[in-house]
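[1] What shape does this take:
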Amino acid sequence: MAAAAKQDGILETVKTIVYALLIAGVFRTLFFQPFWIPSGSMKDTLLIGDFLFVNKMAYGYSRHSCPFSMCPFEGRLFAREPARGDVVVFRHPTEGTDFIKRVIGLPGDRVQMIRGVLHLNGTAADMVAVAPFLETFAPQGPQGLPPRCANAPVGAGGVCEKPRFTETLPGGVSHAILNITDGSRGDDTPEFIVPEGHYFMMGDNRDNSVDSRFPQSIGGVGFVPFENILGRADRVMFSSAGQRMVYFWTWRSDRFFEAIE
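    Have a look, this model is predicted:
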């Protein structure tokens with residue numbers, strides 16, 4: 001009887017573990033999606049190697065974020081509009097890959113860059129210079145590419161600098177943006193009018209971001225449909241400065257549970 005009781009105990013333990021894994025899998029599928037930052041387009045808000053969970057419930061479910069393999073609906077369930085300044089993960093409208101950028105323009109907004117300054121509906125966003133962003137000139141992330149520097153050329157192991165500004169959007173949302181060089185191809189644009197049901201996305205590392213300033217015909221993002229938005233990025237869980245996320249000795253201790261602003 002003791003052997004039978006022991007066997008029953010082991011079986012119950014296994015069942016408990018299986019149920020726990022199933023619940024965790026359902027929770028992940030329904031509510032959150034992991035995302036690892038692969039590029040420097042959102043510096044210094046997000047660094048290469050940041051690991052975060054995307055809140056899939058923030059704006060409701062679309063056919064892209066639906067947790068089931070076949071979604072029996074068109075449009076979006078439980079829809080809630082993104083706010084200007086939100087950092088979101090979205091499916092590229094033509095390439096099918098996932099991007100992470102900041103919502104800059106809402107439906108109906110007029111968006112234009114003039115000499116590196118963002119203009120929304122004819123008004124320049126407030127920009128205040130703050131301390132420059134500093135990082136080591138060294139290979140970063142899985143691709144092993146060094147960062148671009150405003151003070152180039154920089155030797156291996158040297159200090160790579162980028163001017164940093166606090167940009168304030170209409171409504172009072174503020175965030176940091178970086179500048180690498182003046183007169184880059186995204187510093188001066190025509191005026192864009194955001195179509196109904198679409199959004200205008202930009203990276204915070206303005207000279208190192210392929211975003212809505214560039215049309216899809218040349219590899220840009222263009223306007224992003226609401227249904228392509230997978231969710232909102234709220235917090236960095238942890239961050240790795242190495243080539244692999246599992247290299248725990250390269251984790252950045254100051255970025256654990258860092259709020260994304």
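[2] what are the phi and psi values for the most centrally placed residue in the chain?
    The residue lying closest to the centre of the chain (C-alpha atoms, centre = their mean) is residue 100, at 2.9 Å. Dihedral pair for residue 100: phi -130, psi 120, per degrees, to the nearest 10.
[3] Let me see the contact set for residue 210.
    Counting by C-beta atoms under 8 Å, 6 or more residues apart in numbering, residue 210 touches 41, 203, 219-221. (C-beta placed from N, C-alpha, C; glycine too.)
[4] show me where pLDDT drops low in the stretch 151-261 of the chain?
    243-248 (pLDDT under 70).
[5] Could I get the full set of strands for it?
    Under the criterion DSSP state E, counting those that start in this stretch, strands of the stretch 151-261 of the chain are mapped to 159-168, 174-178, 192-193, 198-202, 224-225, 229-239, 258-259.
[6] Throw these into TSV and include mean neighbour count and distance to residue 117, thanks.
    Shown next, in TSV, are the strands of the stretch 151-261 of the chain (neighbours: other C-beta atoms under 10 Å; distance: least, C-beta to C-beta, whole Å):
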stretch	mean neighbour count	distance to residue 117
strand 159-168	18	9
strand 174-178	20	10
strand 192-193	16	15
strand 198-202	24	13
strand 224-225	21	22
strand 229-239	20	25
strand 258-259	12	27
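[7] Can you check which of those gets nearest to residue 185?
    Across the strands of the stretch 151-261 of the chain, residue 185 has its closest neighbour in strand 198-202 (13.7 Å, C-beta to C-beta).
[8] quick one, what contacts the closest residue to the residue nearest to the centre of the chain other than its chain neighbours?
    Spatial nearest neighbour of residue 100, chain neighbours left out: residue 89 (4.9 Å); criterion: C-beta to C-beta, 6 or more residues apart in numbering. Residues in contact with residue 89, defined by C-beta under 8 Å, 6+ apart, are 33, 35, 54, 98-100, 229-233.
[9] distance of residue 106 from residue 204?
    18 Å (C-beta to C-beta, to the nearest Å).
[10] actually residue 103, not the one I wrote
    12 Å.
[11] between the strands of the stretch 151-261 of the chain, which one is nearest to residue 48?
    strand 229-239 (8.9 Å).
[12] what are the pairing partners of that closest one, and which direction each?
    strand 50-55 (antiparallel), strand 87-91 (antiparallel), strand 258-259 (antiparallel) (DSSP bridges).
[13] now the strands for the stretch 1-150 of the chain?
    So, for the stretch 1-150 of the chain - with DSSP E, counting those that start in this stretch - the strands run 32-36, 50-55, 61-62, 76-77, 87-91, 98-105, 110-114, 117-120, 123-124, 126-136.
[14] Out of the ones you listed, the one nearest residue 211 is which?
    Going by C-beta to C-beta, the one of those nearest residue 211 is strand 98-105, 5.4 Å.
[15] In terms of secondary structure, what does the closest one contact?
    strand 87-91, strand 117-120, strand 198-202 (3 or more C-beta pairs under 8 Å, 6 or more residues apart in numbering; DSSP states H and E).
[16] returning to what we had before: may I see the contacts of residue 89 arranged in a markdown table, with distance to residue 240 as well?
    Shown next, in a markdown table, are the contacts of residue 89 (distance: C-beta to C-beta, whole Å):
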| residue | distance to residue 240 |
| --- | --- |
| 33 | 19 |
| 35 | 14 |
| 54 | 18 |
| 98 | 19 |
| 99 | 20 |
| 100 | 17 |
| 229 | 26 |
| 230 | 22 |
| 231 | 22 |
| 232 | 22 |
| 233 | 17 |
